[in-house]
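1. build the 3D model from these lines:
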Amino acid sequence: MSQSPDSLSSPKPTLSAEEAVVLAESRFGVRGTAYQLTSERDANFRIRTADGAGYVLKLANPAEEEAVTNLQTMALLHIAQRDPDLPVQRVFPSLSGRHEEILTDAEGRPMVLRLFSYLEGTPLHQVPRSPTQRRNLGAHLARLTCALADFSHSATHHDLQWDIKHAHRLWDLLPYVEAGARRGLVEQILRNFDEFALPAMPQLRAHFVHNDLNPYNVLVAEEDHDRIAGILDFGDMVWTPLVNDLAVASSYQLALEGNPLEDVAEFIGAYHAVLPLEAREIDLLYDLIAARMATTICIASWRASRYPENRDYILRNAPRAWAGIEAFARLPREAAQAQLRRACVA
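-> Reported below is the predicted structural model:
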């Protein structure tokens, strides 16, 4: 991997709840109580004020380039202008009028501090799935992609291994994947990617995308699980073919019994109704979805070996990824392409 060092391999910042309370008030004028939130790379706290208002105080990983952090900030500000009704977090300015405050860690490295709105809702991974929910989520992802279509930033060439276009580099991480038949399935996915998807990458439509619409990054309304209440975590934003973003989200919509694309086709069809896909994009989705699942397995296996104390959180998506990989192995590539073409026509 070319990311060395980076926020994938750097421990997250150390910040106590007491320190978070002080920073929220001194930098943003928000007085409240802090509750730590789970995060793989950053230090995140929910700030709850006496009147019930909620915020998220986020201290970025010092290994993350300031330009990359600013990419996320500016993207959220841009989305708020382009599609104000999209349920994404809002970024609040500090008392000095800036949307980003700079702190330093014990080694003198800069860390970006920001304050976001807190979105109420139930995490998608905690509720049952439904066809209406899938269609709504597919439409929301398409709207988000459209909102980012004219967004520009200097971090265009930000290099992130989670970007599917870099799946050919996963060969370096393969030794961390459990040996045996399962590793063989990942090897086949990487061979297919190298043969079919990698040569097509330069010809595909590309711009900045969310790149991580997994069930932990989506909220649904507590009273209506079919209504999308929040899209979270823009930390994996990259400039990449937009179909890669759809493949990422689709990998979490797989049916684990029967035809694995039954639910995915519904999700992709709803996306296509808002943002029509090109024929070559549709035909690459099978390989790209598989590549995302292989990316999840390879990176998670590598990180779990480096940070065993955080193993459970790091591997939280691995069981579903393995189930998807095994289901995909039973589905002929040509049959998958035909099914997805039909979904988009419908």
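
2. how about stretch 307-315: buried residues?
-> Ile314, Leu315 (16 or more other Cβ atoms under 10 Å). C-betas here are computed from N, CA, C, even on glycine.

3. mean confidence for it?
-> Stretch 307-315 shows a mean pLDDT of 87.

4. give me the number of residues near Tyr35?
-> Neighbour count for Tyr35, taken as other Cβ atoms under 10 Å: 13.

5. hang on, isn't it packed against Ala17?
-> Yes - Tyr35 lies in contact with Ala17 (Cβ atoms under 8 Å); the separation is 7.0 Å.

6. anything in contact with each of these two?
-> Common neighbours of Tyr35 and Ala17 (criterion: Cβ atoms under 8 Å, 6 or more residues apart in numbering): Phe45.

7. show me where the stretch 51-200 of the chain has helices.
-> 66-82, 131-147, 181-192 (DSSP state H, counting those that start in this stretch).

8. with mean neighbour count, mean pLDDT and distance to Asp263 added, can I get these in TSV?
-> As requested, these are exported to TSV (neighbours: other Cβ atoms under 10 Å; pLDDT from 0 to 100; distance: least, Cβ to Cβ, whole Å):
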stretch	mean neighbour count	mean pLDDT	distance to Asp263
helix 66-82	18	96	27
helix 131-147	20	98	6
helix 181-192	17	97	20
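
9. which non-adjacent residue is nearest Trp239?
-> Thr156 (4.7 Å; Cβ to Cβ, 6 or more residues apart in numbering).

10. separation between that neighbour and Ile47?
-> Distance from Thr156 to Ile47, counting by Cβ to Cβ, to the nearest Å: 33 Å.

11. neighbour-wise, which of the two wins?
-> Each of Thr156 and Ile47 has its neighbours counted (other Cβ under 10 Å); Ile47 has more, 25 against 12.

12. Three-state assignment for that one, please.
-> Using DSSP: H, G, I helix; E, B strand; the rest coil, the structure places Ile47 in strand.

13. distance of it relative to Leu37?
-> Distance from Ile47 to Leu37, by Cβ to Cβ: 10 Å.

14. got it, and Ala229?
-> Counting by Cβ to Cβ, the gap from Ala229 to Leu37 is 17 Å.

15. the helices of the stretch 51-200 of the chain into a markdown table, with extra columns for distance to Ala24?
-> Listed next are the helices of the stretch 51-200 of the chain as a markdown table, based on distance: least, Cβ to Cβ, whole Å:
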| stretch | distance to Ala24 |
| --- | --- |
| helix 66-82 | 17 |
| helix 131-147 | 28 |
| helix 181-192 | 43 |
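
16. nearest to Phe208, of those helices?
-> helix 66-82 (6.4 Å; Cβ to Cβ).

17. using PDB, write out every CA atom in the closest one.
-> Extracted in PDB, the C-alpha atoms of helix 66-82 (Å, rounded to 0.1, in the frame of the first residue of the first chain):
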ATOM      1  CA  GLU A  66      -5.100  18.800   6.600                       C
ATOM      2  CA  ALA A  67      -6.100  19.100   3.000                       C
ATOM      3  CA  VAL A  68      -8.000  15.800   3.300                       C
ATOM      4  CA  THR A  69      -9.800  16.900   6.400                       C
ATOM      5  CA  ASN A  70     -10.700  20.200   4.700                       C
ATOM      6  CA  LEU A  71     -12.000  18.200   1.700                       C
ATOM      7  CA  GLN A  72     -14.700  16.700   4.000                       C
ATOM      8  CA  THR A  73     -15.500  20.100   5.600                       C
ATOM      9  CA  MET A  74     -15.900  21.800   2.200                       C
ATOM     10  CA  ALA A  75     -17.900  19.000   0.800                       C
ATOM     11  CA  LEU A  76     -20.500  19.200   3.500                       C
ATOM     12  CA  LEU A  77     -20.800  22.900   3.100                       C
ATOM     13  CA  HIS A  78     -21.200  22.400  -0.700                       C
ATOM     14  CA  ILE A  79     -23.900  19.700  -0.200                       C
ATOM     15  CA  ALA A  80     -25.800  22.000   2.100                       C
ATOM     16  CA  GLN A  81     -26.000  24.500  -0.800                       C
ATOM     17  CA  ARG A  82     -26.800  22.100  -3.600                       C
END
